[in-house]
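**Student:** sequence-free structure coming up:
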């Protein structure tokens with residue numbers, strides 16, 4: 001990986017990514033990977049992936065909005081099905097929505 005232009009952009013993060021994602025990797029850039037390096041890479045990944053309270057709040061708000069949208073869509077679907085059921089009954093067609 002040394003000298004690879006794609007690995008220069010993120011400095012040493014590519015090493016951590018490789019170490020974390022390839023548990024059988026023994027050598028990287030001609031250097032033996034020991035358990036201490038695996039632990040350090042894992043710790044770095046935890047630090048990098050840690051979200052700020054503001055990011056966590058924003059994520060929670062987005063999830064809540066998504067849940068509300070899904071609940072609203074489900075309710076609208078149920079209303080439409082109920083109206084279709086009534087219409088079919090009104091025109092004398094067999095109810096295709098019941099089992």
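**Tutor:** Looks like it came in fine. Not measured: the values here are computed from a predicted model.
**Student:** in this protein, where's the longest helix?
**Tutor:** In the chain, with assignment by DSSP state H, the single longest helix is helix 53-91.
**Student:** please name every helix or strand in contact with that one.
**Tutor:** For helix 53-91, there is no helix or strand it packs on, judged by 3 or more Cβ pairs under 8 Å, 6 or more residues apart in numbering; DSSP states H and E. For glycine as for every other residue, the C-beta is placed from the backbone atoms N, C-alpha and C.
**Student:** in this structure, which ranges drop under the pLDDT threshold?
**Tutor:** Within the chain, the segments meeting pLDDT under 70 span 1-12, 48-51, 94-99.
**Student:** neighbours around residue 21, how many?
**Tutor:** Number of residues near residue 21 (other Cβ atoms under 10 Å) recorded here: 10.
**Student:** roughly how far apart are it and residue 36?
**Tutor:** 18 Å (Cβ to Cβ, to the nearest Å).
**Student:** same question for residue 14.
**Tutor:** Noted for residue 14: a distance of 19 Å to residue 36, by Cβ to Cβ.
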